[in-house]
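Peer 1: I would like to see how this sequence folds:
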Amino acid sequence: FFQAEDGIRVVERSRGLGDVYKRQVVLGLSLFLVFKEIRRGYRAVALSEDRFRTLVEGMSEVFYVRDKVRGFSYMSPGAEGKLGVPRKELEETIVSLSPFNGEATVEVGEKVLAVREKRREDAFYGLVRDITTECQLTRNLERERSFLDSMVSSLRAGVMVVDGERRVLWMNTYLKEIYELGDEVEGIPCYTLFAHRKSPCPSCYLDPLLAGRKAQEEMIAKYYVPLLGGERHFFVRTRKVKMEDKERIVVLCQDITEMKHMEEQMYFMDKLSSLGKLAASVAHELSTPLFVTSTNLETVLRKERLTPSARRLLELSAEELRRSVLLLRKLRWVYRPVSMEKEWVNIDQVLRDVAAILRTYVRERKVGLNLEITPVEPFPGYKGPLMQVLLNLVTNAVEASPHGGEVTIRAEEEGGELVLTVRDRGVGIPKEMLDQIFKPFVTTKGGKGAGLGLHLTYKMVEGMGGTIEVESQEGEGSVFRVRLPVERGGEGERKDPDN
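Peer 2: All right, here's what the predicted structure looks like:
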């Protein structure tokens, strides 16, 4: 019975046969049909197996089947070429991971493999994939991300990202530090973090951006930052960006308080310069009549026919006139270039001349004046400005000293520099004024000083190519130290008539 039609015909022709033969015919036909279905099943299985092999061989992953008894019963052809790992080493690695039912990552030599395995009854079915390139890309991305995070975190400017509900999504380290915030800031509204409010701040600069209107993306705002000393000026930039298909707002705020102060100082100095030019012009116009008046008073004072009271009044008037002339002269010195002509300088003689000029003033103040002079060879320098610097510094030291006090002037040469030191044991300078003491109109004498003497001194020392520094402590006195370059040899020495 090889065909169904023949079998059916046989059945029909066997109607005249006995029951035994009929049963035999039916049984034979049934066996034929069963074998036919089995054969069809084998063909279907073979077709499925061919399709499965084609699918598995075309995959980039390696498929395997294993059990505890026979080991690996199947592994995709070309596993070594796909993974770059010898099959034996691969099998040992997979077995070393057992027992596991899930996913695992393992390094085999220079390769990184991802193994995914499932258990079905007594067998294990798994896929192995080479993820070396992905891991390398991930490490590169992590390195780039870490680098960018460190750069943004180290910026001396605040950076943060907020969402449409004003919740903080990210914030750099600088902003956390100046507001003394912890690490847990994500998800907290910005108005709660910075202003400790339960609702958005009025006139918030984020309102136009959140409302979709054209916003001012750059602005200058004031914020109170206790850690930075109170109210500070910040330059704020805002940008709306797309992140993960959602709109976010990036906020950058930079502290420009010092820049604002510098701008204010420049504006003040510009006004001061204009005022100074006017003052210098007025001083020039007033100096001549004041000098004539002072000379006339001196002439009158030489006469003997004056009553004591009249003489005293005239002496007070002459003293005030001298002070006025000196103040006007200082104004002219401040806003007029100082004449800087080199001549031969004997520092020993310069100090003695200064002491002689101030002898009467020092005696009236009942202050001692000591000169400490180490041998210094004459050198070409600026004698006039040098004497004026010493006169200003010693006069200030005498005024700051109490009765019975002492002022010391010391001159020495150190490492190619002339070092002049003026020391007093007076009231000292307040610590907060030390950084401003050489600025114009800054004085420690209250209403008695114009605040021009030290500024003029600073300008003269600077013009001579030197430096001036001060050390002071309230109640213990001050030390002013001037350093000037000393040139040896050259033109100045050849022109010295006494050399």
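
Peer 1: Can you name every helix or strand that the helix ranked longest in the chain contacts?
Peer 2: Looking across the chain with DSSP state H, the single longest helix is helix 257-301. With contacts taken as 3 or more Cβ pairs under 8 Å, 6 or more residues apart in numbering; DSSP states H and E, helix 257-301 sits against strand 230-243, helix 308-334. Quick note: C-beta positions are derived from backbone N, CA and C, even for glycine.

Peer 1: Only alpha carbons, please: show the first one as PDB.
Peer 2: To tie it back to what came earlier, the one meant is strand 230-243. Output of strand 230-243 as PDB, limited to C-alpha atoms (Å, rounded to 0.1, in the frame of the first residue of the first chain):
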ATOM      1  CA  GLY A 230      26.700  89.700  51.800                       C
ATOM      2  CA  GLU A 231      25.200  91.300  48.700                       C
ATOM      3  CA  ARG A 232      27.000  90.400  45.500                       C
ATOM      4  CA  HIS A 233      26.600  91.400  41.900                       C
ATOM      5  CA  PHE A 234      26.000  88.500  39.500                       C
ATOM      6  CA  PHE A 235      26.000  88.400  35.700                       C
ATOM      7  CA  VAL A 236      23.200  85.900  34.800                       C
ATOM      8  CA  ARG A 237      22.800  84.100  31.500                       C
ATOM      9  CA  THR A 238      19.800  81.800  30.800                       C
ATOM     10  CA  ARG A 239      19.300  79.500  27.800                       C
ATOM     11  CA  LYS A 240      16.400  77.100  26.900                       C
ATOM     12  CA  VAL A 241      17.700  73.800  25.700                       C
ATOM     13  CA  LYS A 242      16.300  70.300  24.700                       C
ATOM     14  CA  MET A 243      17.300  67.500  27.000                       C
END
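
Peer 1: ok, and what's touching it?
Peer 2: By Cβ atoms under 8 Å, 6 or more residues apart in numbering, the residues outside strand 230-243 that reach it are 158, 161, 205-206, 209, 215, 217-225, 247-257, 259-260.

Peer 1: So which of these sit within helices?
Peer 2: Taking DSSP H, the ones among the contacts of strand 230-243 that sit in helices are Leu209, Thr257, Met259, Lys260.

Peer 1: hmm, back to that, just the buried ones among the contacts of strand 230-243, please.
Peer 2: Among these, the ones that count as buried by 16 or more other Cβ atoms under 10 Å are 158, 161, 205-206, 209, 215, 223, 225, 248-257.

Peer 1: can you tell me which residues contact the residue nearest the centre of the chain?
Peer 2: The structure's the chain has its C-alpha centroid closest to Arg156; by Cα atoms, centre = their mean the separation is 3.2 Å. By Cβ under 8 Å, 6+ apart, the residues touching Arg156 are Tyr174, Gln254, Asp255.

Peer 1: Distance to Gly426 added to those residues, as JSON lines?
Peer 2: Converted to JSON lines, these look like this (distance: Cβ to Cβ, whole Å):
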{"residue": "Tyr174", "distance to Gly426": "45"}
{"residue": "Gln254", "distance to Gly426": "44"}
{"residue": "Asp255", "distance to Gly426": "39"}
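
Peer 1: Looking at the residues you listed, which is nearest Val25?
Peer 2: Tyr174 (98.0 Å; Cβ to Cβ).

Peer 1: give the contact list for the closest residue to the closest one other than its chain neighbours.
Peer 2: Distances taken as Cβ to Cβ, 6 or more residues apart in numbering place Gly158 nearest to Tyr174, at 5.6 Å, with adjacent residues excluded. By Cβ under 8 Å, 6+ apart, Gly158 lies in contact with Met171, Asn172, Tyr174, Leu175, Ile178, Phe234, Val251, Leu252, Cys253, Gln254.

Peer 1: how does it look with 7 Å?
Peer 2: Applying Cβ atoms under 7 Å, 6 or more residues apart in numbering, we find Gly158 in contact with Asn172, Tyr174, Leu175, Cys253.

Peer 1: From the contacts of strand 230-243, which land in strands?
Peer 2: If you go by DSSP state E, the contacts of strand 230-243 have 158, 161, 218-225, 247-255 in strands.
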